[in-house]
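Novice: build the 3D model from these lines:
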Amino acid sequence: MAGAFRALARGYATLAVILFSVVLTFLGANALCRAYLGDRDQNSGIDKRYLPFELPAYLREEVYPGMSSEELGSMLRENRAIAYEYAPYREFQPKPSRGKYTNNSPAGFRTCKDQGPWPPSPENYNIFLFGGSTAYNVGVPQDDMIASHLQEATKEKAGKPVRVYNFGCPLFFSSPEGVLFERLIVAGHRPDLAIFLDGLNEYFHVQDEPGFSAQLGALFESSTSVPYHLRFLVDRLPVVQVFRERFCRDDGKGDRENQQEWGRKDVLESIQTRYLNNLKNIEAVACANGVKTLFVWQPVPHYKYKGYHPFQLAGFGHHTRSQFGYRMMADYVLQQPMPASFLWLADMQEGLPGMLYVDLVHYSGRMSKEIATRIAAALRDRGLME
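Specialist: The predicted structure is shown next:
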């Protein structure tokens, strides 16, 4: 009996040591991974989802002239630390935040240089800018946003100072932009002019769903499910995040393997039709409320851009589809009469020298100014600022 008890005790001690070692190893691995993730997020000035290596100093100077490495790192950490909150109808918006380079208003817009008041004053000529992360201007300080340059390029209209409100939101495309525009009108915030900068994200969202629809759907379907909550916890373990980042990252092979899928004609036609229908619906709402409109088809790095673009070495991922979609859209614009409110800027970067992007798809300050200058010229030429 005593021998059996001693054997049981030894087995228990062995099992306890093994379990303790496993738990200690698990905690240690997660602590190391958390330190790695924290060090990467703290010290990297580049978004790892888009850039597989640090830019050399001479390229940083071209994209961010006059900014020191410390200023650049501070700006990018602040700019890319975008958090979101629930917003009725459109699902989400950037959380309010205040910083040196990036400020998000509780009203849902990113403030620009010499930002106008909210609600907008009738003493100003008010322009609302809508779009995705390229309109939000991920990767540049607020003074270098399209919205800031546009406000500077237009300055005043009929003796009124022009004030631009940047409602660009990462992951947005024409469908949620139309919803946001309509809700602003319903709330009594009617601009004099609304500008929609689109193209890239139209092809990112094959399904006509906002960016967090899958997460919201999962909450409704599985919020009381134990396996759902276990997966939720496991997905947020640092060791799991590092494993996925190191071993599950798309190295660009997917782009080559999915060329046929990216270029499916039926999918591209469906996306194009959705955009054109959204354009008509938004314009109808604007016309009914006395708001002028301009719909800008934006430039993207994989359509008629020959400048230096090191970020594409890791592939364009799901943005690859827009490469095919832009060709189809270009043919459509050439063959079909477009509304007077439509502005084609997709090929504006053809012949422009230097680097025009700060990462895979987002514009540099110089490119943002070029876009704003073209938009301002179109507004004047088409009498939209009269």
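Novice: contacts and neighbour counts: CA atoms only from here.
Specialist: Will do.
Novice: quick one, helices of the stretch 101-250 of the chain?
Specialist: For the stretch 101-250 of the chain, applying DSSP state H, counting those that start in this stretch gives helices covering 133-136, 146-154, 174-186, 200-204, 213-222, 226-235, 238-247.
Novice: can I get those helices in a markdown table with distance to residue 379 and mean neighbour count?
Specialist: Converted to a markdown table, the helices of the stretch 101-250 of the chain look like this (distance: least, C-alpha to C-alpha, whole Å; neighbours: other C-alpha atoms under 10 Å):
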| stretch | distance to residue 379 | mean neighbour count |
| --- | --- | --- |
| helix 133-136 | 17 | 24 |
| helix 146-154 | 9 | 24 |
| helix 174-186 | 20 | 19 |
| helix 200-204 | 22 | 23 |
| helix 213-222 | 35 | 11 |
| helix 226-235 | 48 | 12 |
| helix 238-247 | 44 | 14 |
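Novice: what pairs with the helix or strand hosting residue 296, and is each one parallel or antiparallel?
Specialist: Using DSSP states H and E, residue 296 sits within strand 292-297. Sheet pairing of strand 292-297 (DSSP bridges) gives strand 193-198 (parallel), strand 342-344 (parallel).
Novice: I'd like the next helix or strand past the helix or strand of the chain with the lowest mean pLDDT.
Specialist: Least confident helix or strand, the chain: helix 253-257 with a mean of 52, by mean pLDDT, DSSP states H and E. Scanning forward in sequence from helix 253-257 by DSSP H and E, the next helix or strand is helix 259-262.
Novice: against which helices or strands is that next one packed?
Specialist: If contacts are counted by 3 or more C-alpha pairs under 8 Å, 6 or more residues apart in numbering; DSSP states H and E, helix 259-262 sits against helix 320-335.
Novice: so which bits of the helix it packs on are buried?
Specialist: Within helix 320-335, the residues that qualify as buried are 320, 321, 322, 323, 324, 325, 326, 328, 329, counting by 16 or more other C-alpha atoms under 10 Å.
Novice: in TSV: those residues, plus distance to residue 104.
Specialist: Formatted as TSV, the buried residues of helix 320-335 follow (distance: C-alpha to C-alpha, whole Å):
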residue	distance to residue 104
320	30
321	30
322	29
323	31
324	34
325	32
326	31
328	36
329	33
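Novice: which of those sit farthest apart?
Specialist: Put simply, by C-alpha to C-alpha the two of the buried residues of helix 320-335 set farthest apart are 320 and 329, 14.8 Å from each other.
Novice: ok so, going back, please work out which of the strands paired with strand 292-297 is packed deepest.
Specialist: Neighbour counts (mean count of other C-alpha atoms under 10 Å) averaged over each of the strands paired with strand 292-297 peak at strand 193-198, with a mean of 22.
Novice: kindly export that one (C-alpha atoms) in PDB.
Specialist: The C-alpha trace of strand 193-198 is given here as PDB (Å, rounded to 0.1, in the frame of the first residue of the first chain):
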ATOM      1  CA  LEU A 193     -20.300  70.700 -52.200                       C
ATOM      2  CA  ALA A 194     -19.600  66.900 -51.700                       C
ATOM      3  CA  ILE A 195     -16.600  65.200 -53.300                       C
ATOM      4  CA  PHE A 196     -16.200  61.400 -53.500                       C
ATOM      5  CA  LEU A 197     -12.800  60.000 -54.000                       C
ATOM      6  CA  ASP A 198     -13.200  56.300 -55.100                       C
END
